[in-house]
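Chemist: Predicted structure and sequence below. I'll ask about it afterward.
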Amino acid sequence: MSCTAPSTGDLGAPGTLLGLYWMLFGVGALLGGLAVGALRRLPLWPVTVAIVVGWGLALLPFGFDVPVAVTVACFALGGLIYGPFVALSLTLMQAKAPPRHLAAMLAARSAAPLTASPPGTAIGGPLTAALGARATLGGSGLATVALGAVACAVLLARRRTRISAHISA
C-alpha cells in the first residue's frame, strides 16, 4: 500500500487517517496473533489458506466506493485475520518439511519477501499511479482471493488423491 495515496490522494483525507488504518491493523494483528494457540489445534493447511482468502476479502472493499469507516473496519479485521499467519505458516513448514531440508526452506522463506519487495514496488507504484490506490488495493484483494481459491483446489485434489489411494490399497 502506498504510504499516503489511500488517505490523502484517493480519499482527500488527512494523513492521520493512514495512521488510523495502520493502528487498527496492528491492534487486529495483535489480537489475531493471540489466537495462534487455539488455531494450531486445527488442520494447518486449511487454516493457512483460509487466512490468505480472508485477508484478500478484507481488501476487496477498498476497490469500491464505500464509506471510509467500512475500509477502516476492514483493515482492522484484516489485521485480525492476518495476525496468526506468520506463526502458523512457520509451524506448518516445520511440521511438513523433511528435517534435512528445513534449514534451507526456512532460509528461502525469509529471503522470499526480501527478494519480492523491489519488483512488487516497481509494479505497485506505477499501478497505483495509473489506477489509484483504491483500485490497486481492491485488485490486490481480488488476486489474493484467487490465489487462495487455487490453493483450496490443490488441497482438495491432494485430499481426493489420498482418499482414492487409501481406498485402492
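Modeler: Looks like it arrived, so ask away.
Chemist: If I look at residue 105, what pLDDT would I see?
Modeler: Note on residue 105: pLDDT of 89.
Chemist: ok, then the element right after the host helix or strand of it?
Modeler: Here residue 105 sits within helix 99-131, counting by DSSP states H and E. Once helix 99-131 ends, the next helix or strand along the chain (criterion: DSSP H and E) is helix 133-168.
Chemist: The helix or strand of the chain with the lowest mean pLDDT - contacts with which helices or strands?
Modeler: Scoring the helices and strands of the chain by mean pLDDT, DSSP states H and E places helix 36-39 at the bottom, with a mean of 86. On a contact count with 3 or more Cβ pairs under 8 Å, 6 or more residues apart in numbering; DSSP states H and E, helix 36-39 meets helix 85-96. C-beta coordinates here come from the backbone N, C-alpha and C atoms, glycine included.
Chemist: quick one: contacts of the helix it packs on?
Modeler: 33, 36, 39-40, 44-45, 47-48, 51-52, 55, 102, 105-106, 109 (Cβ atoms under 8 Å, 6 or more residues apart in numbering).
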